[in-house]
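Engineer: Next comes the sequence, and after it the predicted model I'd like to discuss.
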Amino acid sequence: MWLKNITLLNFKNYASAELSFSKTVNAFVGNNGTGKTNLLDAIHYLCLCKSYFNPIDSQQIKTNEDIFLVQGDFDRKEKNEKITCGLKRNQKKQFKRNKKGYDKLANHIGLFPLVMISPYDVNLIMDGSEERRKFIDNVISQTDSNYLDELIIYNKHLLNRNALLKQVAATRKLDVTLLQILDEQLIISGNRIFKKRKQFLLDFIPLFNTHYNYISNNAEQVSLIYQSQLNEHNFQDLLTQSIEKDRVLERTTTGIHKDELQFAIVDMPLKKFGSQGQQKSFLIALKLAQYSYLQKFKGFKPLLLLDDIFDKLDDLRVKKLMEMVSHHDFGQIFITDTGKQRVLSVFNEIKVEVTLFEVDNGVINHA
């Protein structure tokens, strides 16, 4: 699978733009703040129906305009696929595949798999467990169309149970029968999600270890550990044992919404003990493992987007990373960087052709 071209209208800082891409490496170069990352985000929109950076769709519309449009032609399984995303202020987002709209956007997820590596990913290390759960859920959702539905169902049941707990606190009366029904619904959905997350990590962790060892040249030992209350306990027992605590706090304190993915380096928390370079290498390995996982389960190569990838990596790791993604089992790649000569130098050294685009405040020139 590869993206042949893209057209933008009033998207972020672009009034209009039309670009055609090569099947291999495409690089956007220019100063910070000129719109390089916005081009990657437009590609992300086409593949996953949303921005990588900002969940509010209306904020993607160019200032003083009323509509944005992003359109692209993909070659997927040797067939042309035209994807169109448009939004008018105060209206619902329109998403079409070959001019036909979707009943629900979830049906688009996974058709055009994509992996994005960005400085923004440091949130995976520095922020709370929710970010790491989102990472797991994002990868599984691109390979399992039922998983996203199951997450929505679980969150709905969780919301209902929490509403009941708030009502109990206000009225001092507990409807035991209703609680049992809500518990049963939560347990069925939660067990399904737990099973899928557990299997995912069994498949994913070996891929991660392989990529980290390659990037770091086996410099240090790192680990991913899936922590879930359901690893050691039955979900029904957890809910029964925590009911008094739940009533006091007016929320459900046990379940798969408390799962955690622990990042460690030499058996110590990466957040506290990893250097910037080690953290960056860890994140890149995490995302490359995501790529390998998607390719394995989709049967074709996703798009790989590398935003400002050379920052905080030493020359050796940059070279090894570019050798890996250019020569090994990777498909179409999009890169942003501030240094045109740096990009040319890196790819000249590893003898790989790169299609270069110079970006200057919403204006793009084929270099």
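Structural biologist: Arrived safely, thanks for sending. Residues are numbered from 1 along each chain as shown.

Engineer: Give me the buried positions along the one helix or strand in the chain whose mean pLDDT sits lowest.
Structural biologist: Using mean pLDDT, DSSP states H and E, the weakest-scoring helix or strand in the chain turns out to be helix 315-327, at a mean of 76. Buried residues in helix 315-327, counted by 16 or more other C-beta atoms under 10 Å: 317-318, 320-326. Every residue, glycine included, has its C-beta placed from N, CA and C.

Engineer: mind checking the end-to-end distance for stretch 227-247?
Structural biologist: Terminal residues of stretch 227-247 lie 25 Å apart, using C-alpha to C-alpha, to the nearest Å.

Engineer: For that stretch, give me every contacting residue.
Structural biologist: 165, 168-169, 174, 179, 183, 186-187, 190-191, 194, 197-198, 252-256, 258-262 (C-beta atoms under 8 Å, 6 or more residues apart in numbering).

Engineer: coming back round to it: just name the closest of the buried residues of helix 315-327 to Asp337, please.
Structural biologist: Val318 (10.2 Å; C-beta to C-beta).

Engineer: where's the spatially closest residue to the closest one that is not a sequence neighbour relative to Val139, distance?
Structural biologist: On the basis of C-beta to C-beta, 6 or more residues apart in numbering, the spatially nearest residue to Val318 that is not a chain neighbour turns out to be Phe310, at 5.3 Å. Between Phe310 and Val139 the computed distance is 25 Å (C-beta to C-beta, to the nearest Å).

Engineer: just to revisit the earlier point, among the contacts of stretch 227-247, name the buried ones.
Structural biologist: 165, 168, 179, 183, 186-187, 190-191, 194, 197, 252-256, 259, 261.

Engineer: Which members of those residues occur in helices, if any?
Structural biologist: Counting by DSSP state H, the buried ones among the contacts of stretch 227-247 place 165, 168, 179, 183, 186-187, 190-191, 194, 197 in helices.

Engineer: possible to save those as a markdown table with distance to Asp75 and pLDDT?
Structural biologist: Shown next, in a markdown table, are these (distance: C-beta to C-beta, whole Å; pLDDT from 0 to 100):
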| residue | distance to Asp75 | pLDDT |
| --- | --- | --- |
| Leu165 | 51 | 95 |
| Val168 | 56 | 91 |
| Leu179 | 53 | 94 |
| Asp183 | 49 | 96 |
| Leu186 | 43 | 97 |
| Ile187 | 44 | 97 |
| Gly190 | 40 | 97 |
| Asn191 | 40 | 97 |
| Phe194 | 37 | 98 |
| Arg197 | 33 | 97 |
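
Engineer: burial measure for the nearest residue to Gln221 once chain neighbours are set aside, as a count.
Structural biologist: Once flanking residues are discounted, Gln221 sits nearest to Val266: 5.5 Å by C-beta to C-beta, 6+ apart. Using other C-beta atoms under 10 Å, Val266 is surrounded by 12 other residues.

Engineer: so Val266 sits right up against Gly274, yeah?
Structural biologist: No: Val266 is not in contact with Gly274 according to C-beta atoms under 8 Å; the separation is 9.3 Å.

Engineer: check contacts around the residue nearest to Gln221.
Structural biologist: Neighbours of Val266 in contact, by C-beta under 8 Å, 6+ apart: 220-222, 273.

Engineer: Is there a quick ChimeraX command that grabs whichever of those residues are buried?
Structural biologist: Per 16+ other C-beta under 10 Å, the buried members of the contacts of Val266 correspond to this ChimeraX selection:
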select :222
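
Engineer: Return the subset of the contacts of Val266 lying in helices.
Structural biologist: Of the positions in those, Phe273 sit in helices, assigned by DSSP H.

Engineer: Make TSV out of the contacts of Val266 and add pLDDT.
Structural biologist: As requested, the contacts of Val266 are exported to TSV (pLDDT from 0 to 100):
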residue	pLDDT
Glu220	85
Gln221	89
Val222	92
Phe273	92
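
Engineer: Where strands are concerned, which of the contacts of Val266 count?
Structural biologist: Val222 (DSSP state E).

Engineer: Including distance to Lys351, could the contacts of Val266 go into CSV?
Structural biologist: What follows is those, written out as CSV (distance: C-beta to C-beta, whole Å):
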residue, distance to Lys351
Glu220, 30
Gln221, 33
Val222, 31
Phe273, 38
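
Engineer: which one among the contacts of Val266 gets closest to Phe357?
Structural biologist: Of those, the one sitting nearest to Phe357 (C-beta to C-beta) turns out to be Val222, at 34.8 Å.

Engineer: Tell me the bridge partners for the closest one.
Structural biologist: Taking DSSP bridges as the rule, Val222 bridges to Ile265.
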